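Chemist: Provided below are the primary sequence and the corresponding predicted coordinates.
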Amino acid sequence: MSLSKEMIREAAAIAELIVNAKEKGNIQYNQQVKPKLEQYIEKYGDSPNNLFKKFLEQNFKDLDKDKFKIQSLSFKGQNVNDYAWACIRVASEEPVYESPHLYVLVDAEELRFGFDYGKDIEEDSYYVQNVRNNENVLEKINSLMKKDKHLILYDAENPIQVDTVDDIKTNWSNNVRLIKKFNVNDIPDNFEEIIIDTLKKLQFVFEASVLPNKNGLPEKTNTENEGADCNNQIEYSLNMILYGPPGTGKTYHTIHYAVAIIDGSDVNKLIEGDYSQLQYNSYEDVMEKFKALQKPQEKIGRQIMFTTFHQSYGYEDFVEGLKPILHNEDSNKGQNRDSDKEQNGGSNKGQNREIGYKIEPGVFRIICKYAIENPDKRYVLIIDEINRGNISKIFGELITLIEANKRLGGTEELKVMLPYSKKEFGVPSNLYIIGTMNTADRSIALIDTALRRRFEFIEMMPRPELLDSIDSIKGIKVSDLLRKINERIEFLYDRDHMIGHSYFMSLKTGEYKDEEEKYKKLCSIFHKQIIPLLQEYFYGDWEKIQMVLGDHENQLNLVKPFSELKGEEKNDCMNKYRLIQSKPFKEKDIIAFDHEDYDDFIKYSVNDALINGKFPEEGFIKIYNMEEAFKNRSNES
């Protein structure tokens, strides 16, 4: 079920007819309105209000039908209305005017959608109080309005100036409307998407108003700022590794996992962008929270810390080590700082310098200290590229202590004596460790056995369906293109080396002035990222790379015009559409004679047309649909 601008304008014309008749004081529904409405129904299959209702039903299929229902109101109700609308409301026998709504409405001038209260709701209603007294909801409304300047808070018909949360709280009443609107003659092409996006973002306001606890006030959540308490939260594994091929969003999703662990919220909702029951409106909000939790907070410290393992990373970086310091034997507190300019055999004569050492705690010991001092808070350590480090060297004796039952307070609690500081040390049970592992870098089967046994592994594979919403670029379906490439990689190599969807996400999220600019970006992605990655995977086996990209001679020979051509003419025609071009060379043409140690060879090269975006679009389409790509090229020579 989809709406069109024409549907909206014709519904507005009917509303205008009613408005004019009402102004003249002689509204006659059956004679004036009903014929127009019948014409509308015959043309579009239903009345405007029912079309709105079907539109909401289609886009809110997961609505809890025990708590909510979708209802519509036509031009002709108890009175003749000069608008048509549909709404999500409380599932009760109360009249629609006694419930809060998420709604879409068209009148003679405007298409409006958003949140409001029914006209019969009183000022002291718990529906109103639930929002007005919930600081978390008010903060979220304020954040949403700052990000979306088209979302306006109204007192009936009058816009309210909102600069702070207090402005919302002070003006929140039974007359408020939090909405967007378009003039019926100036509706954007993507208005359906805007309506649904807006209503889903406002769902938290609607649910906060209608889902009170037994005291008539919102339930206290565990997602309030600066780390919720550990009790009554969703439980997560203490040690987990997100693993998968490159470009599948492993590091990206550590942000979702870290914030969800600390909030005690559902990470799957964050990953899928379902913010309706959370305190966030968008990924940007989640990222903002993530950055805030990385900063030191008074008494709490840093609740999220991040590090990356590499071949040179060691125990001294991770747990604790000795750091050299240079100090003066005869120094005193009043010494001029200029005297320290030359610290290694410098010109400050007469001063005896000695090298000393101090014990420097690593990132793991630091975050453990924070967690031990604040047992009611959750802490997260993110280790990117965990498989690239020498696990035995980095964790040392602490690899045993990270097990759940070996942590402080566990059934088999263990502590060790640290080698440098000689302090007794244990791992707290409120510290969560999240690692990421690129399977193309090293197979999971080769991971240190001690690590594999102590971590829960969460596979993250390519999700081409996330690219389905990318509009066709010159007829190219990016999601189908990625699916076919990965099918071939899995067949020719293995599933650990497939290509992730994130390489193409910029085509979905980026801003492009036209289709041509977007196409150039696609060409750039292949030239600078996909093809070099395939070169690395197949170690210079160009023939296999051609198979992955549909460039192999035997693949192209399946369709016209290539199947009808021969020799150099055929190869030149193929090379025009190949991402990886190939040209046969004879040994005699190169060195002028036949040498028994050498044979004829094929020279491969990346198509230069990718550089300036002049590569023909058929070259991409052929990857997943050879016949479709060349259906109009059968006569080419």
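Modeler: The structure has been received and is ready for your questions. Small disclaimer: the values here were computed from a predicted structure and weren't measured. Numbering: from 1, shown residues only.

Chemist: what's next to the helix or strand that contains residue 146, contact-wise?
Modeler: Using DSSP states H and E, residue 146 maps to helix 135-147. Applying C-beta atoms under 8 Å, 6 or more residues apart in numbering, the contact partners of helix 135-147 are 131-132, 151-153, 162, 164-165, 168-169, 172, 178, 201-202, 204-205, 208, 218, 221, 223-224, 279-282, 284-285. Every C-beta, even on glycine, is put in place using the N, C-alpha and C of the backbone.

Chemist: again, but for stretch 305-312
Modeler: Contacts for stretch 305-312 (C-beta under 8 Å, 6+ apart): 294, 317-318, 363, 366-367, 379-390, 394.

Chemist: out of those, name the ones that lie in helices.
Modeler: Assigned to helices by DSSP state H, the following of the contacts of stretch 305-312 qualify: 294, 317-318, 363, 366-367, 394.

Chemist: dump the residues you listed to a markdown table, plus pLDDT and neighbour count.
Modeler: What follows is these, written out as a markdown table (pLDDT from 0 to 100; neighbours: other C-beta atoms under 10 Å):
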| residue | pLDDT | neighbour count |
| --- | --- | --- |
| 294 | 92 | 15 |
| 317 | 90 | 18 |
| 318 | 91 | 23 |
| 363 | 92 | 16 |
| 366 | 93 | 17 |
| 367 | 93 | 23 |
| 394 | 89 | 22 |
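
Chemist: hang on, the earlier thing: mind listing what's buried in the helix holding residue 146?
Modeler: 136-138, 140-145 (16 or more other C-beta atoms under 10 Å).

Chemist: tell me the one among the residues you listed nearest to residue 57.
Modeler: Residue 57 lies nearest to residue 144 out of the buried residues of helix 135-147, by C-beta to C-beta, at 24.7 Å.

Chemist: could you measure that closest one against residue 433, distance?
Modeler: Remark: distance between residue 144 and residue 433 (C-beta to C-beta, to the nearest Å) = 33 Å.

Chemist: quick one: contacts for residue 420?
Modeler: 320-322, 359.

Chemist: how about the strands in the stretch 201-350 of the chain?
Modeler: Ranges of strands in the stretch 201-350 of the chain, per DSSP state E, counting those that start in this stretch, are 239-244, 304-308, 320-328.

Chemist: can you tell me which of these is most buried?
Modeler: strand 239-244 (a mean of 22; mean count of other C-beta atoms under 10 Å).

Chemist: sheet partners, orientation included, of that strand?
Modeler: Take DSSP bridges as the rule and strand 239-244 pairs in its sheet with strand 431-438 (parallel), strand 456-459 (parallel).

Chemist: quick check: mean pLDDT of that strand?
Modeler: The average pLDDT for strand 239-244 rounds to 90.

Chemist: just give me the longest helix of the protein.
Modeler: The chain, longest helix under DSSP H: helix 5-24.

Chemist: so how far is that one from its chain's centroid?
Modeler: 41 Å (C-alpha atoms, centre = their mean, to the nearest Å).

Chemist: repeat for stretch 179-186
Modeler: 29 Å.

Chemist: now that stretch - C-alpha only, PDB.
Modeler: What follows is stretch 179-186, C-alpha atoms only, in PDB (Å, rounded to 0.1, in the frame of the first residue of the first chain):
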ATOM      1  CA  ILE A 179       4.300  17.400  14.200                       C
ATOM      2  CA  LYS A 180       5.600  18.000  10.800                       C
ATOM      3  CA  LYS A 181       3.500  19.300   7.900                       C
ATOM      4  CA  PHE A 182       3.600  20.000   4.200                       C
ATOM      5  CA  ASN A 183       1.500  22.300   2.100                       C
ATOM      6  CA  VAL A 184      -0.500  20.000  -0.200                       C
ATOM      7  CA  ASN A 185       1.000  21.700  -3.200                       C
ATOM      8  CA  ASP A 186       4.600  21.300  -2.000                       C
END
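
Chemist: re the thing from before, closest to residue 48 out of the strands paired with strand 239-244?
Modeler: So among these, strand 456-459 is nearest, using C-beta to C-beta, at 46.6 Å.

Chemist: quick one: low-confidence ranges for the stretch 201-350 of the chain?
Modeler: 211-233, 276-277, 327-350 (pLDDT under 70).
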